[in-house]
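**Q** Provided below for reference: sequence and predicted model.
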Amino acid sequence: MSFRTPDRSRTLVLDDIRGAQKMLSGVARMTAMEGSRHLSQLVGAPVHFKCENLQRTGSFKLRGAFVRIAGLSPEQRAAGVVAASAGNHAQGVALASALLGVRSTVYMPVGAPLPKVAATREYGAEVRLHGQVVDETLAAAQDYARDTGAVFIHPFDHPDIIAGQGTVGLEILEQCPEVRTIVVGIGGGGLAAGIALAVKSVRPDVRIVGVQAAAAASYPPSLAAGRPVTIEPAPTMADGIKVGRPGDVPFEIIGELVDEVRTVSEDALSSALLLCLERAKLVVEPAGASPVAALLTRPEAFSEGPVVAVLSGGNVDALLLQRILRHGMAAAGRYLGLRVRLTDRPGALASLLGALSVADANVLDVSHIRTDPRLGLSEVEVELHLETKGPEHCREVAATLREAGYTVLD
């Protein structure tokens, strides 16, 4: 998706973020910071999670939305606000508007997950479903703003938005004053820019690492070009950071203050989400788990700790979560698919399943293949899908079957 309504009316400074923090007192929570023993051992330095997935509305977006709307004039408030979002920004704008007594209209794609649509309505916004992709939804919201005079609330490309998101950085410094590295996901760049400005203004020695999904990484080519570059994002599970063009305002800050931007694969994202759920007991959406994916991909690159990974959101649809968890288990070697050739006789399958039981593999699915021309007259091929304990267990299962005399096909 691409957003183009930059506002260069003023230069952000640390005092803006401190002012935003005062404004958010009693509105946004100071979210918890939790240690991760598993990642600490993997990285070789203390690793902490900054749990913005536990923020009101389930993400950091409330911070920037509230500061932006609170800064409107009485005339602008009277005209109402409008936003376009598939989820997190929608809910942040809806709740912020309700708290400030401002009428809000939120455009969402027709295919937006029903729980996110319902939550946005429950926070008080009028939800209008329009378009199949967010670009179409965005255009409709901007048309509404022009037609009605409502103020368009940009998700990341405005100084007030960035100041609000920067309060996450101030909290990190308060909760982990010895921090040496902060890892944060980047979409349009509002959160990363805010954190970088807040932290570098106080602790210029802290390393800031941005993370993007490899399928939707607009910052690396933009930084190389020295200006925001538009890309066509490929499909990614990390829809919260799927943005086709960096915001003009955050791009300048990130280009100056963020030390590097890394990309992560879809396998790494799903493995990170699975780790957060299993090890930390935290529900995190794929975009929010992108910093964890970076740590899993190159743990040796983050040995300068303590490290704080910002879990930016936890709004993930239950059906999508189910699919991602399966993907993550496969990426982590927790699933094994194999084919075994047997003599087609009574009891052969029972014997095979007995051997798998000895190997402590859980059978998820079994399929008989009898019509393949590669099979002999008395042969049958069995395709198995198994749940295992990891890559080493996968190898042990295959070895156990071979030792039992079975022909295991790759």
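**A** Received it, and whenever you're ready, just let me know what you need.
**Q** For the stretch 1-150 of the chain, which segments count as strands?
**A** In order along the chain, the stretch 1-150 of the chain carries the following strands (DSSP state E, counting those that start in this stretch): 33-35, 47-51, 81-84, 104-108, 126-129.
**Q** Present those strands as TSV; the columns should include mean pLDDT, mean neighbour count and distance to residue 336.
**A** C-beta here means a position set from N, CA and C on the backbone, and glycine is covered the same way. Converted to TSV, the strands of the stretch 1-150 of the chain look like this (pLDDT from 0 to 100; neighbours: other Cβ atoms under 10 Å; distance: least, Cβ to Cβ, whole Å):
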stretch	mean pLDDT	mean neighbour count	distance to residue 336
strand 33-35	96	15	32
strand 47-51	98	25	30
strand 81-84	96	30	43
strand 104-108	96	27	40
strand 126-129	96	16	42
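**Q** and of those, who's closest to residue 150?
**A** Of all those, strand 81-84 sits nearest to residue 150, with 4.4 Å by Cβ to Cβ.
**Q** Against which helices or strands is that closest one packed?
**A** helix 88-100, strand 104-108, helix 134-148, strand 151-152 (3 or more Cβ pairs under 8 Å, 6 or more residues apart in numbering; DSSP states H and E).
**Q** Indicate which one of those is closest to residue 158.
**A** The nearest among those, by Cβ to Cβ, is strand 151-152 at 9.6 Å.
**Q** Distance from whatever helix or strand comes next after that closest one to the middle of the chain?
**A** Counting by DSSP states H and E, the next helix or strand C-terminal to strand 151-152 is helix 159-175. Relative to its parent chain, helix 159-175 has a centroid offset of 19 Å by Cα atoms, centre = their mean, to the nearest Å.
**Q** just checking, what packs against the helix or strand following helix 159-175?
**A** For helix 159-175, the following helix or strand on the C-terminal side (DSSP H and E) is strand 181-185. Packed against strand 181-185, as judged by 3+ Cβ pairs under 8 Å, 6+ apart, are the following elements: helix 190-202, strand 207-213, helix 290-297, strand 307-311.
**Q** So for residue 69, which of these sits nearest?
**A** If we rank those by Cβ to Cβ, the stretch that ends up nearest is helix 190-202, at 14.9 Å.
**Q** what's that closest one packed up against?
**A** helix 14-23, helix 159-175, strand 181-185, strand 207-213, helix 248-257.
**Q** Can you lay out these as TSV showing distance to residue 393 and mean neighbour count?
**A** Putting the helices and strands packed on helix 190-202 into TSV (distance: least, Cβ to Cβ, whole Å; neighbours: other Cβ atoms under 10 Å) gives the following:
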stretch	distance to residue 393	mean neighbour count
helix 14-23	48	18
helix 159-175	38	26
strand 181-185	30	28
strand 207-213	29	26
helix 248-257	42	21
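**Q** Give the closest residue to residue 57 in space, chain neighbours not counted.
**A** Closest residue to residue 57 apart from its sequence neighbours, by Cβ to Cβ, 6 or more residues apart in numbering: residue 91 at 4.1 Å.
**Q** Now that that neighbour has come up, it's in contact with residue 55, right?
**A** No. The criterion here is Cβ atoms under 8 Å, and residue 91 misses it with residue 55 at 10.4 Å.
**Q** Which neighbours do those two have in common?
**A** residue 62 (Cβ atoms under 8 Å, 6 or more residues apart in numbering).
**Q** More neighbours: those two, which one.
**A** Set residue 91 next to residue 55 and count neighbours by other Cβ atoms under 10 Å: residue 91 wins out with 29 against 23.
**Q** just the helices in the stretch 201-350 of the chain please.
**A** 219-225, 248-257, 266-279, 290-297, 318-331, 348-358 (DSSP state H, counting those that start in this stretch).
**Q** before we move on, back to that, which one of the strands of the stretch 1-150 of the chain lies nearest to residue 332?
**A** Comparing the strands of the stretch 1-150 of the chain by Cβ to Cβ, strand 47-51 comes nearest, at 18.4 Å.
**Q** Now do that closest one: everything it contacts.
**A** Contacts for strand 47-51 (Cβ under 8 Å, 6+ apart): 31-36, 39-40, 168, 171-172, 175-176, 276, 280, 282, 292, 295, 302, 305-311.
**Q** Lovely, talk soon.
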